[in-house]
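S.K.: When you get a sec, could you give me coordinates for this:
(one chain, ligands or ions: 2)
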Amino acid sequence: MKDAQPRTIYLKDYRAPDYWIDRTDLKVDLHEGQSRVEATLSLRVNEAHWTPGQPLPPLELQGSELVLEGAWVDGVALGADEYQLTEQGLVIQAPSARFELRTRCRIEPQNNTSLEGLYKSNGMFCTQCEAEGFRKITYYLDRPDVMSVFSCRISADQIRYPVLLSNGNEIDRGVLEEGRHWVQWHDPFPKPAYLFALVAGDLQHVSDQFVTRSGRTVTLQLYTEPRNIGKCDHAIDSLKRAMRWDEEVYGREYDLDIFMIVAVDHFNMGAMENKGLNIFNSSCVLASADTATDASFQRIEAIVAHEYFHNWSGNRVTCRDWFQLSLKEGFTVFRDAEFSADMNSRAVKRIEDVSLLRTAQFAEDAGPMAHPVRPDSYMEISNFYTLTVYEKGAEVVRMIHRLLGAEAFRRGSDLYFERHDGQAVTVEDFVRAMEEASGIDLTQFRRWYEQAGTPRVTVSDSYDSASGRYSLHFSQSCPATPGQVSKLPFHIPIAVGLLDAEGHDLLPDSTRLVELTEAQQTVHFEAISERPVPSLLRGFSAPVKLSYDYSDAQLAFLMANDSDAFNRWDASQQLCVRVLQRMVPQYLEGTPLKVDGVLTEAFSALLRAPVSDPAALETMLVLPAEAYLAEISEPVEVEAIHAAREALANHLAERFAPEFEHLYRDSQLEGAYQPTAEHMALRSLKNAALGYLARGSDAGVELAHQQYRAANNMTDRFRALATLVHCERGSARALAKSCLQDFYDNFKNDPQVIELWLSVQASCQRDGALERVQALMAHEAFDAGNPNKLRSLIGVFCSQNSIGFHSGEGAGYRFLADQVIELDQRNPQIASRLVTPLTRLRKYPAARQQQMREQLQRIFTHSLSPDLYEVVSKSLQ
Ligand code: ARG
Ligand code: ZN
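M.R.: Ligands and ions are numbered 1, 2, ... in the order given. So this is what the prediction gives:
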């Protein structure tokens, strides 16, 4: 905690380090009280910053919460006047251009509640060093452009910590006195400190093998606490699929002889790509049919792949500085999304990703923390692990892929990996490799990395039947964001299809890629025989808000006929959005809510057609989320949005009860649970139907109850439970209560299942939500020291339970502020993420805005971490 205002760091101030660290030899001696870290660094002055004969620059190492016990230069102890301890770390005067520095520090991992650096989780020691956690382990040049060959000798009690892991290969081990032992690790690949990892615990592991395409055998190991050893298979299978895919699609092979994953219950994020030793949040790696839903099976597959892909896009080629974070994250998210699309339904994966982008990333772009994919300043880098850097960053890479085509893109990635292997580089290096390999000029395209905000594209059209010329008139603009008042036009790839009256594609290759580069631009299509219906932004070819003045009937037509599966879904969403937006004023005026007939007819066509793609049908049955409706509204009328969405869902449930009944019966699966794409699709369709059936009648409620009882897998069980808990019908109340109790009794020892149990209650919008959440905080199942529990209960309540969070004259805002103030003392990273819903204040009507502002101001009166300070101060500006 610092009382002074944190410093702002600027990209324009980047300067290479004064020293390099060629080797880093660590000795970590783990104890229950004081642990010791001895670091021996081989230092070499950066010749670019020094000429022989001149005085050497001082060596300034970062360090935080360390107790220095001694320091030696070339073996000679430093006297008290030969070093300085500052706010930032340790400063010494270098004796020569090359020298060795040894330091010894004391740390207390058991008291480290920030979950950054070295800490304890359920009795095991583990680390999280990205972005700047290594400085909590030892004094170091804790920046990604300093790459070093690491070795690490860990010693600890043999009974409590039989397993001692670090990066690279185990090269030696031995026993010590007093029941202790040690293991020596060596990682031959130079890496920045943020990729360092260490684990010590009483762990078991499952083991497997992968033979690379060049014939090397790699040992794969997944370590967990003994009770979880039965939940490892899915992650190992996913890992092998990811390893094969990266060879086939990117020509990238794994490089060490061993690849290890460790599951940890206390983790701030999803997972971490430490070289050869990935560390995962348990909920992103452990799964079994009885305890994990289909959604988590898919999430695990995606995250295991993501972290594995980082071995090339992140580790072999890393970032020069943290402004370049999207270099590794945007690219790697693009890679994992394509992997998931290849393993499962491509259209559904795209729909899920775009939904997330449109709800949450667009909201970030419109809020006080808006920043470019490559930010140009920050106070606390942990605040920039954002949807913009990750998801929008991936969209930017996807646009490059589309502009270049798959083959040129692959040549570009080959060039990038080859040219920069072993280097710490910039976004510019990536774009340049893509340009050189393709011959395509991306000068204007670079604005996607530099300008924040979501571009708007407005489209109108004209048709001249005499000449057969059809024209699309585009105009683009981008709203102001903090620090960026006016923006230059973006280079926007827009995939366009044209449909004839029968719904067939009129264009020769069905889709044409329009490249929008001007503020206003017209594009002509010749030899078009009739006035077409345009299908715009197919596959969501750019992360923009596009509007074209469709009639309801045209949207229904696209929903039924578009050859692009994503745009069929999008048309259905836009039609629902329109109908819902017409109901909002009805609610505010107190008149009865009316559902437009055109939507009913479109759904009727959808539900009567034979089911060719269950997964795609399911996505169309899910109405736009309240969070998405909020994002596109100004101001947000929370109750009206909720009431409109409920009314529409109830209307569909009543009107199509027989159809949902059929869907439910026809989607039943026989036999044992399988997490295959086909089975998941049927389960998701069945459970969507169940949701409508339970809305529609007491018989539907009873069906949910039966499904809960009979389920042979967590997906069906949990979806039935959620249906009962969220159902407004009186007959559901007692059943929801008894099933929640039953669920808890059966799964109380399984943290991942308890996260589901907390989240389903936190998202229940019935009256009294805040009181229920507060009661759950006192429940034995809750643990305020575990980020997963905080996210499942407090995070879900404040971000997904709009009625509960915004009701009670600001009671929800007060509640969140109280939690955040308290949490900031222990875990600043989580505090600054949890506060997000309050930062959206400007979206709400004046009274609510004022109540939210008061709570932000109250938070601001406390002594805050840099993390929370940055978010709250920017929200109050
Ligand atoms: N590099 C990790 C990933 O993308 C995320 C780790 C970020 N950690 C943090 N504390 N900010 O998978
Ligand atoms: Zn990542």
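S.K.: all contacts plus neighbour counts: C-alpha atoms, from now on.
M.R.: Fine.
S.K.: Met369 should be in a strand, yeah?
M.R.: No - using DSSP: H, G, I helix; E, B strand; the rest coil, the assignment for Met369 is coil, not a strand.
S.K.: Check it and give its pLDDT.
M.R.: The score at Met369 is 98. That number is its pLDDT.
S.K.: Count the residues that sit near it.
M.R.: 21 (other CA atoms under 10 Å).
S.K.: Tell me the spacing between the closest residue to Gln586 other than its chain neighbours and ligand 1.
M.R.: Computed as CA to CA, 6 or more residues apart in numbering, the closest residue to Gln586 that is not its neighbour in sequence is Leu593, at 5.9 Å. Distance, Leu593 to ligand 1, by CA to the nearest ligand atom, to the nearest Å: 44 Å.
S.K.: Now Val725. Nearest residue, chain neighbours left out?
M.R.: Nearest non-adjacent residue to Val725 (CA to CA, 6+ apart): Ala736, at 5.0 Å.
S.K.: Low-confidence stretches in this structure?
M.R.: Confidence mapping of the chain against pLDDT under 70 gives the ranges 1-3.
S.K.: My read is that the residue nearest to Gln586 contacts Leu580, right?
M.R.: No - using CA atoms under 8 Å, Leu593 makes no contact with Leu580, being 9.5 Å away.
S.K.: what touches both of the two?
M.R.: Counting by CA atoms under 8 Å, 6 or more residues apart in numbering, the residues touching both Leu593 and Leu580 are Ala644.
S.K.: Tell me the secondary structure at the residue lying farthest from the centre of the chain.
M.R.: When distances are taken from the C-alpha mean of the chain, Ala466 lies farthest, 51.4 Å away, according to CA atoms, centre = their mean. Classification of Ala466 by three-state DSSP places it in coil.
S.K.: repeat for Glu418
M.R.: helix.
S.K.: related to what we said a few turns ago, neighbour count for Leu593 and Leu580, which is higher?
M.R.: When neighbours are counted by other CA under 10 Å, Leu593 and Leu580 differ, and Leu580 comes out ahead with 27 against 17.
S.K.: which residues sit in contact with Ile92?
M.R.: 58-60, 82-84.
S.K.: how does it look with 6 Å?
M.R.: When contacts are counted by CA atoms under 6 Å, 6 or more residues apart in numbering, Ile92 touches 58-59, 83.
S.K.: partners of Tyr548 in the sheet?
M.R.: Going by DSSP bridges, Tyr548 is paired in beta bridges with Val459.
S.K.: so it makes contact with Val457?
M.R.: No - look at Tyr548 against Val457 with CA atoms under 6 Å: they stay out of range, at 8.7 Å.
S.K.: which of those two has more neighbours?
M.R.: Val457 (20 against 14).
S.K.: List the residues that contact the more buried one.
M.R.: 475-476, 546.
S.K.: tell me which parts of the stretch 101-250 of the chain are close to ligand 1?
M.R.: Within the stretch 101-250 of the chain, the positions adjacent to ligand 1 are 130-131 by CA under 6 Å from any ligand atom.
S.K.: closest point of the stretch 101-250 of the chain to ligand 1, which residue?
M.R.: Going by CA to the nearest ligand atom, ligand 1 is nearest to Glu130 of the stretch 101-250 of the chain, at 5.1 Å.
S.K.: what's the burial count for that residue?
M.R.: 23.
S.K.: Export the contacts of Val457 to JSON lines and append columns for secondary structure.
M.R.: Formatted as JSON lines, the contacts of Val457 follow (three-state DSSP):
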{"residue": "Ser475", "secondary structure": "strand"}
{"residue": "Gln476", "secondary structure": "strand"}
{"residue": "Leu546", "secondary structure": "strand"}
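S.K.: ok, of those, which one's closest to ligand 1?
M.R.: Leu546 (29.4 Å).
S.K.: what sits against the residue of the stretch 101-250 of the chain closest to ligand 1?
M.R.: Taking CA under 6 Å, 6+ apart as the test, what Glu130 contacts is Tyr194.
S.K.: where does it land in three-state SS?
M.R.: Judged by three-state DSSP, the three-state class of Glu130 is coil.
S.K.: same thing with Leu115?
M.R.: Strictly by three-state DSSP, Leu115 counts as coil.
S.K.: Gly405: neighbouring residues, count only.
M.R.: 12.
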